[in-house]
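Asks: Just need the structure, nothing else, for what follows:
(chains A, B, C, D, E and F)
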There are 4 protein chains.
Amino acid sequence: MYAIRNKVQLIGNLGQLPEIRTTETGKKVARFSIATNDTYRSANGERITQTSWHNVIAWGKLAEISEKYLTKGREVAVSGKLVHRNYTDKNGVKRYVTEVVLNELLMLGGGKGQNENPDWQEEEQVEPEAEG
Amino acid sequence: MYAIRNKVQLIGNLGQLPEIRTTETGKKVARFSIATNDTYRSANGERITQTSWHNVIAWGKLAEISEKYLTKGREVAVSGKLVHRNYTDKNGVKRYVTEVVLNELLMLGGGKGQNENPDWQEEEQVEPEAEG
Amino acid sequence: MYAIRNKVQLIGNLGQLPEIRTTETGKKVARFSIATNDTYRSANGERITQTSWHNVIAWGKLAEISEKYLTKGREVAVSGKLVHRNYTDKNGVKRYVTEVVLNELLMLGGGKGQNENPDWQEEEQVEPEAEG
Amino acid sequence: MYAIRNKVQLIGNLGQLPEIRTTETGKKVARFSIATNDTYRSANGERITQTSWHNVIAWGKLAEISEKYLTKGREVAVSGKLVHRNYTDKNGVKRYVTEVVLNELLMLGGGKGQNENPDWQEEEQVEPEAEG
DNA sequence: TTTT
DNA sequence: TTTT
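Replies: Numbers count the residues shown, from 1 in each chain, chains lettered A, B, ... in the order given. So this is what the prediction gives:
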């Protein structure tokens, strides 16, 4: 997918530690949820906060980073694409799931691990060349 | 919601004409779905296209614009926020729905209506002032 | 401008306190710069960090929020539009300036002011209505 | 750069054909500009359109795609990062340049080339694996 | 220099 | 259910 066609960005906090699995071929998969908070005033002036929980899935290197650095409550910025799946559960009921498949993960708020080993922050990028 | 915390952007095509309703207070609501296409090569070199269908809801003025200008197949760029709702259907089954609540709508590919009355393209914006 | 046509998003830190001015009509204007850091490995394996400084301008309510809450070093997420201006300076030299005109500002990393008075976090939004 | 920290997105039209160069190491570089149009009403009700011209640079494969498919007037969606450079011109005057370095390019409005050879639309992506 |  |  050209990411520009289908892009989600969330800035919020992790609800729990990521759940880590491994595919049969040895690829890591991380799942976690992110809360985004919406604060507004109701018609009668009361302040209301609504929290949305978003399911996020990370594959491969991003799953490994998630496993190493993400903790409950951690503030993150993520971007990815929006995917919808359906499956039939063990009771034969058809289920619909919407997930954000990560392609970027940024830890916010300083400290707490990612700075001890900043390797994952580096892009797969070489030094820019001069034009000929 | 600070839109920067929860933002979805899609560029794709409408599957059908929008469905239009009106709230009890007279506010318009438009619902439609947008297809985003994902083309990649499988492990054995075959070209595969996967289509994702995203449910979109527009309120108020954006619903009116949707009603006037959106047609089946139309290419659009939209941005909005990702919301998750659940409800119990007429058979008592709990249903989960994920929708993109629009806050921006841009028609792509030229012509076909929106240019006949470009009013809706104008921002609620006044002439910039000089600094004192 | 339909924001979807011209959108910049930055996550980084303030270089200095915002500079605040007021227009002749009493509207506040805030200017500040945000550093975004780019870390990569050079061809010979050395880790290199490049910092980009982006000029940001905020008008009206966003300028007031910037004045109240933004401090040197503060981590923020902003979005806005990219504008290019030119002017002739006091020495008669033509100058080109590129700025990000804010339309969203989010303070990251917790604490330090914005939570003491969260009013500015609220959207101009009323309670959602049910569909008729 | 983690793209999530510094991201620009533009939807607009090319002013001219891209200019193509090649680095000493044989890498292609494409430069072009994109117009984004801003329509609003002035204080006295007059409709005003302001055009912003953004300098865009594409490297490597994106430069090759730009060379092959982009034409004057073409409607595109791009995303990239915002960079600021300065250099001294042949008259010894220091110049500042702001550019958008592309990492995504999507041609809008159908037809006109990119469909004759859709290879470039495919992601470097393999078939998703099932979880173990 | 574009486009609607 | 779309589009290329």
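Asks: Only C-alpha atoms from now on, for both contacts and neighbour counts.
Replies: Will do.
Asks: Helices of chain A, residue ranges please.
Replies: A:60-69 (DSSP state H).
Asks: got a pLDDT number for A:Gly113?
Replies: We note a pLDDT of 45 for A:Gly113 in this prediction.
Asks: now swap in A:Asn86 and tell me
Replies: Each residue has a pLDDT score; the one for A:Asn86 is 87.
Asks: A:Leu10 now?
Replies: pLDDT, A:Leu10: 98.
Asks: Test my guess that it contacts B:Tyr2.
Replies: No - taking contacts as CA atoms under 8 Å, A:Leu10 lies outside contact range of B:Tyr2: 10.7 Å.
Asks: neighbour count winner among the two?
Replies: Shown here are A:Leu10 and B:Tyr2; by other CA atoms under 10 Å in any protein chain shown, A:Leu10 has more neighbours (24 against 20).
Asks: who's that one bridged to?
Replies: For A:Leu10, the beta-bridge partners are A:Val78, B:Asn6 (DSSP bridges).
Asks: got the contact list for it?
Replies: A:Leu10 makes contact with A:34, A:36, A:77-79, B:4-7, according to CA atoms under 8 Å, 6 or more residues apart in numbering or on different chains.
Asks: which of the residues you listed lies closest to B:Trp53?
Replies: For the contacts of A:Leu10, the residue nearest B:Trp53 by CA to CA is B:Lys7; the value is 17.2 Å.
Asks: Just to check, that closest one is in contact with B:Glu99?
Replies: No - B:Lys7 lies out of contact with B:Glu99 (CA under 8 Å); the separation is 11.9 Å.
Asks: More neighbours: which of these two?
Replies: Counted by other CA under 10 Å, B:Lys7 and B:Glu99 do not tie: B:Lys7 has more neighbours, with 22 against 18.
Asks: Tell me where chain A is predicted with low confidence.
Replies: A:1, A:111-132 (pLDDT under 70).
Asks: Which one of the residues in it is closest to DNA strand F?
Replies: Residue nearest to DNA strand F within chain A: A:His84 (10.5 Å; CA to the nearest atom of the strand).
Asks: Could you check how far the nearest residue to A:Arg41 once chain neighbours are set aside is from C:Gly12?
Replies: Closest residue to A:Arg41 apart from its sequence neighbours, by CA to CA, 6 or more residues apart in numbering or on different chains: A:Arg47 at 4.5 Å. Counting by CA to CA, to the nearest Å, the gap between A:Arg47 and C:Gly12 amounts to 29 Å.
Asks: can you map out the strands along chain A?
Replies: A:6-14, A:19-22, A:28-41, A:47-59, A:75-88, A:94-107 (DSSP state E).
Asks: any idea which of those is most buried?
Replies: strand A:6-14 (a mean of 24; mean count of other CA atoms under 10 Å in any protein chain shown).
Asks: And DNA strand F, is that one touching that?
Replies: No - using CA under 7 Å from any atom of the strand, strand A:6-14 stays clear of DNA strand F, with a minimum separation of 12.8 Å.
Asks: Which residue would be the closest one in chain A to chain C?
Replies: A:Gly109 (3.6 Å; CA to the nearest CA).
Asks: thinking again about what came up before, what is the nearest of the contacts of A:Leu10 to DNA strand E?
Replies: Checking these one by one against DNA strand E (CA to the nearest atom of the strand), the nearest turns out to be B:Lys7, at 26.0 Å.
Asks: Tell me the residues on chain A that lie near chain B, please.
Replies: A:1-2, A:4-12, A:36-40, A:52-53, A:83-84, A:96, A:98 (CA under 8 Å from any CA of the partner chain).
Asks: can you do 6 Å?
Replies: A:1, A:5-11, A:38 (CA under 6 Å from any CA of the partner chain).
Asks: follow-up on the earlier one: beta partners of the residue of chain A closest to DNA strand F?
Replies: A:Thr98.
Asks: Relative to chain B, how far out is the nearest residue to A:Met107 once chain neighbours are set aside?
Replies: Leaving aside its chain neighbours, A:Met107 sits nearest to A:Val76 (4.6 Å; criterion: CA to CA, 6+ apart). Shown here: A:Val76 relative to chain B, a distance of 10 Å by CA to the nearest CA, to the nearest Å.
Asks: who touches A:Val76 in this structure?
Replies: With contacts defined as CA atoms under 6 Å, 6 or more residues apart in numbering or on different chains, A:Val76 is in contact with A:11-12, A:106-108.
Asks: Try it again at 8 Å.
Replies: Taking CA under 8 Å, 6+ apart, one finds A:11-14, A:105-108 in contact with A:Val76.
Asks: with these in mind, which one is nearest to D:Asn91?
Replies: Nearest to D:Asn91 among these, with distances taken as CA to CA, is A:Leu106, at 43.1 Å.
Asks: Touching, that closest one and A:Ala77? I think so.
Replies: Yes - A:Leu106 is in contact with A:Ala77 according to CA under 8 Å; the separation is 5.1 Å.
Asks: overlap in contacts of these two?
Replies: In contact with both A:Leu106 and A:Ala77: D:Ile4, using CA under 8 Å, 6+ apart.
Asks: Go ahead and confirm A:Arg21 touches A:Lys28.
Replies: Yes - using CA under 8 Å, A:Arg21 is in contact with A:Lys28, at 5.8 Å.
Asks: how close does A:Leu14 get to A:Val76?
Replies: Noted for A:Leu14: a distance of 8 Å to A:Val76, by CA to CA.
Asks: Over to A:Ala43?
Replies: From A:Ala43 to A:Val76 the distance is 32 Å (CA to CA).
Asks: A:Leu17 - how many residues pack around it?
Replies: 18.
Asks: again, but for A:Lys27
Replies: 17.
Asks: Could you tell me how far A:Val93 is located from DNA strand E?
Replies: 47 Å (CA to the nearest atom of the strand, to the nearest Å).
Asks: my bad, A:Asn55
Replies: A:Asn55 is 38 Å from DNA strand E, by CA to the nearest atom of the strand.
Asks: what is that residue paired to in the beta sheet?
Replies: A:Ser33.
Asks: which residues touch it?
Replies: A:Asn55 sits in contact with A:31-34, A:98-100, where contact means CA under 8 Å, 6+ apart.
Asks: which one of the residues you listed sits closest to A:Gly60?
Replies: Using CA to CA, A:Arg31 is the member of the contacts of A:Asn55 that lies nearest A:Gly60, at 11.9 Å.
Asks: Wait, the residue nearest to A:Arg41 touches A:Asp38, no?
Replies: No - applying CA under 8 Å, one finds A:Arg47 not in contact with A:Asp38, separated by 10.4 Å.
Asks: Need the overlap of contacts for the two.
Replies: Counting by CA under 8 Å, 6+ apart, A:Arg47 and A:Asp38 have no shared contacts at all.
Asks: Show me whatever sits in contact with both of A:Leu14 and A:Val76.
Replies: Residues touching both A:Leu14 and A:Val76 by CA under 8 Å, 6+ apart: none at all.
Asks: which residues touch A:Ile20?
Replies: A:28-31, A:63, A:67 are the contacts of A:Ile20 under CA under 8 Å, 6+ apart.
Asks: Let me know the closest of those residues to DNA strand E.
Replies: For the contacts of A:Ile20, the nearest to DNA strand E is A:Ala63 (41.7 Å; CA to the nearest atom of the strand).
Asks: residues in contact with the closest residue to the closest one other than its chain neighbours?
Replies: Leaving aside its chain neighbours, A:Ala63 sits nearest to A:Ala30 (4.8 Å; criterion: CA to CA, 6+ apart). Contacts of A:Ala30 were listed using CA under 8 Å, 6+ apart, and they are A:18-21, A:57-59, A:63-64, A:66-67.
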